[in-house]
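>>> the following block contains a protein sequence and its predicted model.
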Amino acid sequence: MNNSAGAIPEATLFPDWLQADEADALLAALLAQVPWEVHRIRMFGRWVDSPRLSCWIGDPGTGYVYSGARFEPRPWPPALQALRARIDAAAGVAMNSVLANLYRDGRDAMGWHSDDEPELGPRPVIASLSLGGTRRFVFKHRREPARKFERLLEHGSLLLMTGDTQADWKHALPRTARPVPARVNLTFRRILPRTR
Ligand SMILES: O=C(O)CCC(=O)C(=O)O
Ligand SMILES: [Fe+2]
């Protein structure tokens, strides 16, 4: 699904970016090392618990506003610190922050959004590493919602979103009624220094 004048998202999937044994070890380490918490998000003007567990991790100074709330980042757990150089090399960007999400089962999900917060700057590169249960990841064009794409994000896969993907498309991780194992997703981001 590479780009042709915004017709499809500039999103490249590397299905076996991590080998299975390495992905298994990383998943186990993250389940143990990340201080998972329930984030509160704005939904239709109300604060509700998000349907997943999450954790913002990042370098000092990468505080992040997400769905109207401000999060100070947690320090990098050893298992993620060890991976940073490889993610940066794959993305071509020095990432300084990561949003970790834990989808405990098929009822946990993420609604339609773009990762277009001003702190990310224009045309951000986002590197999304998936571990655990395979889930559907769907794209919908922001101005022509009939245009949709989907990809299966498998254990050890890396999805790179670049270019106008965030400006032109929304994405979501839908709920599923199928029994699915727990899944961890890491979206590595580069937060730009605050200008005021
Ligand atoms: O879990 C996923 O694959 C998607 C996560 C996502 O879109 C985000 O963290 O912004
Ligand atoms: Fe996202």
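Sure thing, it's come through. Residues are numbered from 1 along each chain as shown. Ligands and ions are numbered 1, 2, ... in the order given.

>>> alpha carbons only for contacts and neighbour counts from here, please
Fine.

>>> quick one, what contacts Thr62?
The contact partners of Thr62, by C-alpha atoms under 8 Å, 6 or more residues apart in numbering, come to Glu72, Pro73, Asn96, Ser97, Ile191, Pro193.

>>> ok, and the most crowded of those?
Using other C-alpha atoms under 10 Å as the neighbour test, the contacts of Thr62 are led by Ser97, with 26 neighbours.

>>> return the residues in contact with it.
Each residue near Ser97 by C-alpha under 8 Å, 6+ apart is listed here: Trp56, Ile57, Gly58, Asp59, Thr62, Pro73, Phe188, Arg189, Arg190, Ile191.

>>> for the residue in the chain positioned nearest to ligand 1, which non-adjacent residue is spatially closest?
Residue nearest to ligand 1 within the chain: Asn185 (4.8 Å; C-alpha to the nearest ligand atom). Nearest non-adjacent residue to Asn185, counting by C-alpha to C-alpha, 6 or more residues apart in numbering: Ser130, 4.6 Å away.

>>> please apply the same query to Pro60.
Per C-alpha to C-alpha, 6+ apart, closest to Pro60 is Pro73, 7.2 Å.

>>> so the one you found is in contact with Ile57, correct?
Yes. With contact defined as C-alpha atoms under 8 Å, Pro73 reaches Ile57; the gap is 4.6 Å.

>>> what helix or strand is Leu27 on?
helix 20-33 (DSSP states H and E).

>>> for Val38, give me the pLDDT.
pLDDT for Val38: 95.

>>> and it, what does it touch?
Val38 touches Asp49, Ser50, Arg52, Leu53, Ser54, counting by C-alpha under 8 Å, 6+ apart.

>>> again, but for Ala79
Applying C-alpha under 8 Å, 6+ apart, the residues near Ala79 are Leu26, Ala29, Leu30.

>>> that one: what secondary structure?
helix (DSSP: H, G, I helix; E, B strand; the rest coil).
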